[in-house]
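*Asks:* Sequence plus predicted model, see below.
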Amino acid sequence: KIFEALAMGKPVVATSVGAEGLPLIEGEHFLTAEDPDEFARTVVGLMEDRERRRGLGAAGRRLVTERHSWSEVVRTFDLLCQETVAANASATARARGRRHRRGRGGRRRVIARRPQDTPPGPADPVGGEVPRVGKLRAVQALRGVAILLVVWTHISAPYGTETHYIHGPSLTHWSHTPALLSVDLFFVISGVVITVTAWPAFSTPRASRSFLLRRLTRIYPLYFIVTAVVFAVFLVHPGLINSHDAHRPEIAQSFLILPQPGDPLVGVGWTLVYEFYFYAIFIFALQFRRRWLPWIIGVWTIVTIVVHLSAPPGANPYVVVAGNLMNLDFVLGTVIGYLAIKRVIVTPRFVLGGATAALAVLCAVLVVTDAQRLPSPWFEAAVPGVLFALIVYGAIGMELTGMDLTGQLIGGRFLERMGDASYSIYLWHVLILNICGIVIARILPRSVVTHVLALVVVFVIAVVAALWLYERLERPLRRIFRTRADPPG
């Protein structure tokens, strides 16, 4: 029905679920709304904006006539038939070619054929290769795991809530380093999500502009609000903001998400500097055809390693960002996203189970040895980064092969919900933890029981309060900026 409306040149407003799986770019071909009030506002806004209405209708009709005409559908269907016949013929030939050999003791040993290749998906109307993957619920659940670990990191850190505000010796210091690995998981997921969502836009008109506007309007409004709140606190009581850092936060760089010697006003904002660096690489890649993406990412990998090896101690903050080996997490995520798009799925259950077990062993070693940090940046890129990449790959593979991973796991829906709200939790939780810590330090007596109770309470309050802010602040902001991020024409 959406394609029929687009073919008539009509502007379309639909839910994200209704348009899921269609090769449409939100803001260019259609607008999304998730509830009745939002539908009403969006429709009325279109009725009052003639140019916007005409632009959406023209872009939608152009998409359908160029990529979904009968001739194009017939060509795609013919290609699918040929690929399917070829794949089945190859599988039949392999089955007939199985050889039986005799092992020792006269027992027969069977040389099994490889599993049949995954059937190819329908051609992507944008580029003639594969369909858009759509929302990956397993990835959202993993993002939920990552954000809960980030919250715990800032409770258990040597400079965290427990050390600063809760009476008595630390009970959680042993968990800080394993929880800190969550940043690698976030960066891998970011590489996957950006690759999958931007895939249809490669080499299309205004792809880079649209991508940049979407990223800016997705990240900056909420970040600006949180930074402004923290800045107000900083003006009144500077010691409450990043007191663990030898460098005072630089105000302009903090608001603009630019590199600086220390942490920005919003301490966790340092990761957004790397996110924007990755976005800059991807904006460059969007200027070319998709087939150049592996080469561009490969060159970026080499540049990262060279800068890391050659940068002197105390180098310029921009050089430090360019040479940080955590950038390789984005590279790994891009590779996983590319494999997901191409439907290259190999034993996902085994990959997920094996990588999870290996990660559990790594965390156990870190706990037993009471490691305060990982051995080296190379180790972090080569071990946790690769393990998280394999976990994400296995989870995506199981979902793409039909298994509802989040539905079968206990707490899967909850983790998916945490993933949806992860940005709000990420930005707000440190400030909320500090507020909770100040209150707890004044009212709770010294005892092991109250110590454990305080840890649980501050964790729950930080998550619940950030979830409330997600519903009341981030989601309305996203609705406001989503319809303005990519005006047609």
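*Replies:* That came through, no problem.

*Asks:* hmm, which helix or strand of this structure has the shakiest average pLDDT?
*Replies:* The helix or strand of the chain with the lowest confidence, counting by mean pLDDT, DSSP states H and E, is strand 108-111 at a mean of 34.

*Asks:* Next, count neighbours for Ile396.
*Replies:* The tally of other residues near Ile396 (other C-beta atoms under 10 Å) stands at 25. C-beta here means a position set from N, CA and C on the backbone, and glycine is covered the same way.

*Asks:* Contact partners for it?
*Replies:* Counting by C-beta atoms under 8 Å, 6 or more residues apart in numbering, Ile396 touches 133, 136, 138-139, 192, 336, 340, 348.

*Asks:* can you put those in CSV and add secondary structure, pLDDT and distance to Val236?
*Replies:* Below are these laid out as CSV (DSSP: H, G, I helix; E, B strand; the rest coil; pLDDT from 0 to 100; distance: C-beta to C-beta, whole Å):
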residue, secondary structure, pLDDT, distance to Val236
Val133, coil, 56, 47
Leu136, coil, 79, 43
Ala138, helix, 88, 43
Val139, helix, 91, 40
Val192, helix, 94, 41
Ile336, helix, 95, 44
Ala340, helix, 91, 47
Pro348, helix, 90, 52
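
*Asks:* Would you mind giving me the ChimeraX syntax to select the buried ones in the residues you listed?
*Replies:* Burial among the contacts of Ile396 is assessed by 16 or more other C-beta atoms under 10 Å; the matching ChimeraX selection reads:
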select :133,136,138,139,192,336,340,348
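
*Asks:* In TSV: the contacts of Ile396, plus distance to Val439.
*Replies:* Listed next are these as TSV, based on distance: C-beta to C-beta, whole Å:
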residue	distance to Val439
Val133	44
Leu136	39
Ala138	37
Val139	36
Val192	39
Ile336	42
Ala340	45
Pro348	46
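
*Asks:* after the host helix or strand of Val464 comes which helix or strand?
*Replies:* Secondary structure from DSSP states H and E places Val464 in helix 448-469. The helix or strand immediately downstream of helix 448-469 is helix 475-482, counting by DSSP H and E.

*Asks:* then that next one to CSV, C-alphas only?
*Replies:* Taking C-alpha atoms only, helix 475-482 is exported to CSV below (Å, rounded to 0.1, in the frame of the first residue of the first chain):
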residue,chain,number,x,y,z
ARG,A,475,11.6,10.8,22.3
PRO,A,476,9.8,14.1,21.9
LEU,A,477,13.1,15.7,20.7
ARG,A,478,13.5,12.9,18.1
ARG,A,479,10.0,13.5,16.8
ILE,A,480,10.6,17.2,16.5
PHE,A,481,13.9,16.8,14.6
ARG,A,482,13.1,13.7,12.7
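
*Asks:* Quick check: buried residues in it?
*Replies:* 475, 477-479, 481-482.

*Asks:* And stretch 209-221, by the same measure?
*Replies:* The neighbour-count check on stretch 209-221 (16+ other C-beta under 10 Å) flags 210-215, 217-221 as buried.

*Asks:* Now do that stretch: everything it contacts.
*Replies:* 25, 27-28, 198, 201, 257, 272, 275-276, 279, 282-283, 286, 423, 477-478, 481-482, 484-486.
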